[in-house]
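1. got a predicted structure plus its sequence, pasted below:
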Amino acid sequence: MITDATSAATTASAAAAMKKSTGMNKDDFLKLFVTQLQNQDPLNPQDGTQFIAQLAQLTQVEQAYNTNTNLQNLLSQGSNAGTMAAISLIGKQVEASGSQVELSSGSSATINYNLGRSAQTVAVSVLDANGKVVKTITGGAQNSGSNSVSWDGTDNSGAQLTPGAYSFSVSAKDAAGTAVTATGLVRGKVNGVDMSGSSPVLSIGALKLNLTDVTSVTEGA
């Protein structure tokens with residue numbers, strides 16, 4: 001059975017780790033234990049409580065190594081599950097928390113965000129790779145929930161900017177001038193997955209998103 005094979009592999013791995021760390025595993029200890037029994041003085045036998053203490057110590061060490069090995073296996077399985085989940089998103093539309101926007105050549109870009117409550121004024125700042133504000137888009141009243149503004153790809157002087165990935169920030173205020181919570185959103189179709197790091201990173205055109213930032217998934221158009 002697969003379960004039996006996995007269990008055997010886990011036990012063997014733990015025994016090997018124990019051998020490497022302490023210089024002996026369970027089998028080595030038992031051989032030493034039997035040899036000690038065979039060569040003890042019949043007229044002055046070893047105290048049985050010492051044998052029991054030695055066995056208890058070995059059992060504790062072995063259990064510790066088995067636990068560590070099982071935890072490593074669980075972490076590996078979790079990583080594999082995350083990788084498969086990321087791959088399954090290729091070609092699908094996703095929404096994720098994030099403050100990125102992609103500007104494509106010859107077209108405008110949509111900047112998405114979520115407002116915690118209704119706002120009287122909203123200002124969206126677009127930043128380049130150096131963190132410099134290149135465009136500020138202002139808007140009027142907007143309701144709570146999902147909102148968006150269109151960016152034509154120009155800077156504040158009206159010059160067309162280079163296509164690529166930009167970041168943005170949103171500042172919103174209610175009628176009393178109190179700040180309204182605004183959370184950036186990224187929407188788009190996943191066209192690739194980078195698995196070189198500790199966790200999968202999704203590609204949406206020029207944008208990069210952590211798998212853990214995805215909040216919703218729909219079938220690709």
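-> Cool, the structure landed. Quick caveat, the model's predicted, so the values are computed rather than measured. Residues are numbered from 1 along each chain as shown.

2. residue contacts, Val94?
-> 187-190, 202, 204, 209, 214, 216-218 (C-beta atoms under 8 Å, 6 or more residues apart in numbering). Every residue, glycine included, has its C-beta placed from N, CA and C.

3. can you pull out the strands in this structure?
-> Per DSSP state E, the chain carries strands over the ranges 93-97, 100-103, 109-115, 121-127, 133-139, 145-151, 164-173, 179-180, 182-189, 192-194, 201-204, 207-210, 214-218.

4. buried residues in the fifth one?
-> By 16 or more other C-beta atoms under 10 Å, the buried positions in strand 133-139 come out as 134-135, 137.

5. residues in contact with that strand: which ones?
-> Against strand 133-139 from outside (C-beta under 8 Å, 6+ apart): 111, 121-128, 149, 151, 154-156, 161, 166.

6. picking up where we left off before, of the strands of the chain, which is nearest Ile87?
-> strand 192-194 (5.7 Å; C-beta to C-beta).

7. in the closest one, what counts as buried?
-> The neighbour-count check on strand 192-194 (16+ other C-beta under 10 Å) flags Val193 as buried.

8. just checking: what are the partner strands of that strand?
-> strand 201-204 (antiparallel) (DSSP bridges).

9. and the contacts of the strand it pairs with?
-> So strand 201-204 is in contact with 86, 89, 94, 96, 102, 186, 188-195, 208-211, 214, going by C-beta under 8 Å, 6+ apart.

10. before we move on, what about stretch 148-165?
-> Here stretch 148-165 has contacts from 100-105, 107-113, 122, 124, 126, 128-129, 134-137, 139, 206-208, using C-beta under 8 Å, 6+ apart.
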